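>>> I need the structure of the sequence given here:
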Amino acid sequence: MLAAYLAGASRAHADTEDIAVKAAELAPGRFSWRKYPEQINIETIRKRLWDASSEKMGRLLTGSERDGWLLTEAGLQFCREHSDQLENPEEGSIRLSQKEQAWATRERGRMQAETAFRKWKDGLIDEIQPVEAERFFRIDDYIVGELRRSRVKRARDIFAADQTMSEAINEIAKKVRDRD
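Residues are numbered from 1 along each chain as shown. Reported below is the predicted structural model:
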């Protein structure tokens, strides 16, 4: 709904493709193809739009593929109630395959068992040593430059929806040494 709102569906019919672009901006990776993640999966967007126009979902939208989509009063109310998500979009939120989800679960457990995480959880952030922070992200002295930054970004992306992990990752990342 928020993507439809941003595409102008509060005042005029908005095209499916315009809504798709806004959805991809709000939640990068969520509506993309698995094999070509830079591509927006328009079918996923269409399904969400049709679902939102159904009675079951409260008829948040009216319209069609041909005519475009317009927010109903219920849709506008939804957007008002969730407007905070426009200020804090799901940065880095990505769709994971079952295999990747299993990996993320194991990775969360591993990260939470690390010394850096335990110190962060106990409020001892100043006591976290750079080597502990790097171990938290599986970084060693041989991982430098962009690869080093990508390890931290990957953790941020994978756990973006987990507030506790996101906070820990952001704080612990400040302790990682910059090695180019």
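>>> all helices of the protein, in order?
2-6, 16-26, 42-52, 73-81, 84-87, 98-113, 115-121, 130-136, 145-158, 163-173 (DSSP state H).
>>> so can I have a markdown table of those showing mean neighbour count and distance to residue 179?
(Glycine included, C-beta is placed from N, CA and C.) A markdown table is the format used below for the helices of the chain (neighbours: other CB atoms under 10 Å; distance: least, CB to CB, whole Å):
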| stretch | mean neighbour count | distance to residue 179 |
| --- | --- | --- |
| helix 2-6 | 22 | 39 |
| helix 16-26 | 19 | 32 |
| helix 42-52 | 16 | 39 |
| helix 73-81 | 15 | 44 |
| helix 84-87 | 10 | 34 |
| helix 98-113 | 13 | 21 |
| helix 115-121 | 19 | 17 |
| helix 130-136 | 19 | 9 |
| helix 145-158 | 16 | 6 |
| helix 163-173 | 17 | 14 |
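>>> Residue 62: which of those helices is closest?
When those are compared by CB to CB, helix 73-81 sits nearest residue 62, at 8.6 Å.
>>> That closest one versus helix 42-52: what angle between them?
110 degrees (axes from the mean of the first three to the mean of the last three CA atoms, to 10 degrees).
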